[in-house]
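Q: Show me the folded form of this:
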Amino acid sequence: MRAVALVGIGTLIGARFARMKVKTMVGHLNAALGSFAIAVAISAIFVALAALTTPVRVADILVAYAPGAMDAMLALALTLHIDPIFVGAHHLSRFLFVTITMPGIVHLFGRPQDDVDD
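A: Below is the predicted model of the structure:
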């Protein structure tokens, strides 16, 4: 069942890119790699802090803080015999945190709007 679920998830994700031009995809590659590198660096900092301050296994913490979709991380946790509740709770809390804080971040760092005087 896990293999079928992973193939299904991969098919759905791949279908989203089916009609995208290669030029467009390559154009966004640098932004994607840079964003991924920043996410991994931030995750690594928090993994190190959690591993040094808690008795939780490093493998559990690593998957819990790994950047990625919740369904993929839960499938990975089940495959690697890692606690899926621990992983799911951390991913859910991260998604909630981002959802709650994103409007404030966009307000602070978003592009300034041009003032139009009538």
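
Q: now what about the lowest-mean-pLDDT helix or strand in the chain, what contacts it?
A: Sorted by mean pLDDT, DSSP states H and E, the helices and strands of the chain end with helix 22-27, the least confident at a mean of 84. Contacts of helix 22-27 from elsewhere in the structure, counted by C-beta atoms under 8 Å, 6 or more residues apart in numbering, are Phe17. Quick note: C-beta positions are derived from backbone N, CA and C, even for glycine.

Q: Mind giving me the packing neighbours of the host helix or strand of Thr101?
A: Taking DSSP states H and E as the criterion, the element that holds Thr101 is helix 84-109. Packing partners of helix 84-109 (3 or more C-beta pairs under 8 Å, 6 or more residues apart in numbering; DSSP states H and E): helix 58-65, helix 70-79.

Q: Just name the most buried of the ones you listed.
A: Comparing the helices and strands packed on helix 84-109 by mean neighbour count (mean count of other C-beta atoms under 10 Å), helix 58-65 ranks first with a mean of 19.

Q: just the CA coordinates of that one, formatted as PDB?
A: Taking C-alpha atoms only, helix 58-65 is exported to PDB below (Å, rounded to 0.1, in the frame of the first residue of the first chain):
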ATOM      1  CA  VAL A  58      18.400  12.100  15.900                       C
ATOM      2  CA  ALA A  59      16.700  10.200  13.000                       C
ATOM      3  CA  ASP A  60      13.300  11.200  14.400                       C
ATOM      4  CA  ILE A  61      14.300  14.800  14.800                       C
ATOM      5  CA  LEU A  62      15.900  14.900  11.300                       C
ATOM      6  CA  VAL A  63      12.700  13.700   9.600                       C
ATOM      7  CA  ALA A  64      10.500  15.900  11.800                       C
ATOM      8  CA  TYR A  65      12.500  19.100  10.800                       C
END
